[in-house]
Every structure is written in structure tokens, then in C-alpha cells.
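Colleague: give me coordinates for this.
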Amino acid sequence: MTQNQHFKIFVSLFLFWFMTLVPEQIINFFCYFFILTLGIIHGSNDLQIIDSFEKESDLKKNGIKSYVSIIIIAILFFIFLKKITFYVFIFLSSYHFGEQHFNHKNFEGKYIKNMLQILHGIFLFSILFLNQKNEVTTISESLFSIIVSSNFITVLSILSGLCYAMILIYNWFLYNDYKTLLEEILNFTFFYILFKATSLIVSFSIYFIIWHSIPSIFDQIEFLYKKKSKSLVILYLKKSSLLWLISLFLVTLSFIYLKESILFNSFIFAILFIISIPHIFIINIMNSYFKNRSRKS
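Modeller: Got it, this is the predicted structure:
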């Protein structure tokens, strides 16, 4: 297990323990706060990433148009094709989470990494849904007009878990990569306990911030500035400061007016949906550029 994973588990366990000492309302506020700050900030420099692409690339030439077009398409799908949008969003988010999780992991098999990336995310979502059925059903119905049945969640968790295990075991037998198998067993044991013991917003925020957003921020800094340092973290945050202030305003305003927690959760996930779709595509392209640049150097 890498030092980075040790750190993520340690911080997650610390937060898990800390939350047992603090009233639920305060915990929820901090979860919303970090989702709407660090969570949004990790996707707030997409245009800066586009601007850093090679001048001759099509995305560089049509960057803003492409980015805005994806947002408009996402909103239109969200308005007119809600049920399809739900499944597309889960699929894309699953791949995105898995892509970040295995971003620095090399596999000998040609397609193993791609399969593990999507299965990691699907299995993660399925065990989250499995342990938070009531909240997930309410939010999916209010946002996407779709009822996620218990049977669907159970079948999805079993099938995705079996497929994920089979690919990991296959990778172990073929390439003697037992470490990845053991790491994922430990990771998902921890995720299951976390998702079982906490609410949806707490479960999601710990994974989203500690396991996804913060590592993504450091990857983006390395891509944008060719290295990592404290000063570059500050520079990155400065470039995101406007969105940071807007998010602080939104979390305060929505916390005051959306007194029902389920409405507030729906509001949070609606914001994440709108900003996530273009971000997923940009980060995927960034990772491709990163790999090509690394090969050239």
C-alpha cells in the first residue's frame, strides 16, 4: 500500500472518530462546506487546464466553446431526459472516481486498468447506495424523477463486486500483482464500514474530499506547473478564489433557506452534477496529455 493511501485512510479514520464527538448539525455543515469549497475547487480550474494544452490541439482552439457546450448539453439532458441522465451520470462519475483512484498505478495488462477504473467506481457507488437506500431513493426521485429500487441496488452491488474481484484476481494470477488485490480488499472493507456507520452526506463527503478532490488538486497542480510545492498550492487556490467565495455564499444561503436536509442534499448534488460532467471530460483529456508528456520526457 502506498504512503498516499495510508494517509487517506488515516485522515478518514480521524474524521470518522472526530464526528462521534461533534453534534450532527455541525458535522453536516462542515460536510456541505468542504464539498462546496474543496469539492468544487477541484473542478474550478478546468479552463486553465484547457489553456495549458498544446496550441495546435483542437480543444485549445475551441476550449471555452467546447466547455460551455458540454454544460448546456448536461443541463438539457437534466431537464428533458432525467432518467437517462441519472444512469449516464453514475457511469461517468464511476469512471472518473476510478480514474483518479488508479491514476498513478501502472498495470501490465492492456485493458485491465480501464476495466478496474469503471468497476471501482460502480462498486463504490453500489455499496454507498446499499447502505444509504432511503436517502438515495429520495434524492434520485427528487432530482431525476427515478426510483432506485432495493433489488436494483443489491443486484448492482453483487454483480459489480464479483466483476471487480474477478479482474483483480485475474491481474494477480497473470501478472503476480497481489498488492493491488490486497489494497482494494482493505479499501473497500473500510468504505463499507464508513458507509454503514455514517449518513449519506458524511459518507460521500469523506470519500469525495479525501479520496478524490484533494488528490485531483495535486495532480492538476503537477500538470499545470510541472511540479508540486506549497507555493503552487496557494497559487492554485488563488486562481480558484472567486468560485471559493461564491461557494461560501451558496452554502450559507442554502443552509438558511433549505431547512429540510433532503432538499439541501438535492441542491448539493444538483450543483455537483452540473459542474461534474464537463470536468470529467477535461480531466480525462488532461490525464491523456499527462501520459503523452511523460513518455516524451
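Colleague: use CA for all of it now, contacts and neighbours both
Modeller: Noted.
Colleague: OK, contacts around Leu237?
Modeller: Ile41 (Cα atoms under 8 Å, 6 or more residues apart in numbering).
Colleague: name the helix or strand for it, please.
Modeller: Using DSSP states H and E, Leu237 maps to helix 230-239.
Colleague: same deal with Gln100?
Modeller: Residue-wise, Gln100 maps onto helix 82-101 under DSSP H and E.
Colleague: on contacts alone, who are the packing partners of that helix?
Modeller: helix 63-80, helix 112-131, helix 133-144, helix 261-296 (3 or more Cα pairs under 8 Å, 6 or more residues apart in numbering; DSSP states H and E).
Colleague: and if we set it to 6 Å?
Modeller: helix 112-131 (3 or more Cα pairs under 6 Å, 6 or more residues apart in numbering; DSSP states H and E).
Colleague: show residues contacting the helix it packs on.
Modeller: The contact list for helix 112-131 (Cα atoms under 6 Å, 6 or more residues apart in numbering) reads 94-95, 97-99, 153, 157, 160-161, 164, 195-196.
Colleague: could you redo the last one with a cut-off of 8 Å?
Modeller: Here helix 112-131 has contacts from 90-91, 93-99, 101-102, 106-107, 136, 150, 153-154, 156-157, 160-161, 163-164, 167-168, 171, 188, 191-192, 195-196, 200, 203-204, using Cα under 8 Å, 6+ apart.
Colleague: name the nearest residue to Glu141, sequence neighbours excluded.
Modeller: Leaving aside its chain neighbours, Glu141 sits nearest to Ile147 (5.4 Å; criterion: Cα to Cα, 6 or more residues apart in numbering).
Colleague: just give the number of residues close to that neighbour.
Modeller: 15 (other Cα atoms under 10 Å).
Colleague: right, and it touches Glu135 too?
Modeller: No: in this structure, Ile147 is not within contact of Glu135 by Cα atoms under 8 Å, at 11.2 Å.
Colleague: residue ranges with poor pLDDT in this protein?
Modeller: Along the chain, segments meeting pLDDT under 70 span 1-5, 53-63, 243-244, 247-248, 250-271, 289-297.
Colleague: which residue is nearest the middle of it?
Modeller: Centrality entry for the chain: nearest residue to the mean C-alpha point is Phe97, 4.5 Å, by Cα atoms, centre = their mean.
Colleague: list the contacts of that residue.
Modeller: Phe97 neighbours (Cα under 8 Å, 6+ apart): 117, 120-121, 212.
Colleague: let's see it at 10 Å
Modeller: 103, 117-122, 124-125, 207-208, 211-213, 216, 280 (Cα atoms under 10 Å, 6 or more residues apart in numbering).
Colleague: Asn103 in helix, strand or coil?
Modeller: coil (DSSP: H, G, I helix; E, B strand; the rest coil).
Colleague: that one is in contact with Gln220, isn't it?
Modeller: No: using Cα atoms under 10 Å, Asn103 makes no contact with Gln220, being 11.8 Å away.
Colleague: the two: which is more packed in?
Modeller: Ranked by neighbour count (other Cα under 10 Å), Asn103 and Gln220 place Gln220 first, with 26 against 15.
Colleague: show me what contacts the closest residue to that one other than its chain neighbours?
Modeller: Leaving aside its chain neighbours, Gln220 sits nearest to Ile49 (7.8 Å; criterion: Cα to Cα, 6+ apart). Neighbour list for Ile49: 60, 63, 220-221, 223-224, 282-283, 285-286 [criterion: Cα under 10 Å, 6+ apart].
Colleague: next one: Phe152
Modeller: Taking Cα under 10 Å, 6+ apart, one finds 126, 130 in contact with Phe152.
Colleague: thinking again about what came up before, now the common contact residues for Asn103 and Gln220.
Modeller: Asn287.
Colleague: before we move on, back to that, just the element for the residue nearest to Glu141, please.
Modeller: Per DSSP H and E, there is no helix or strand for Ile147.
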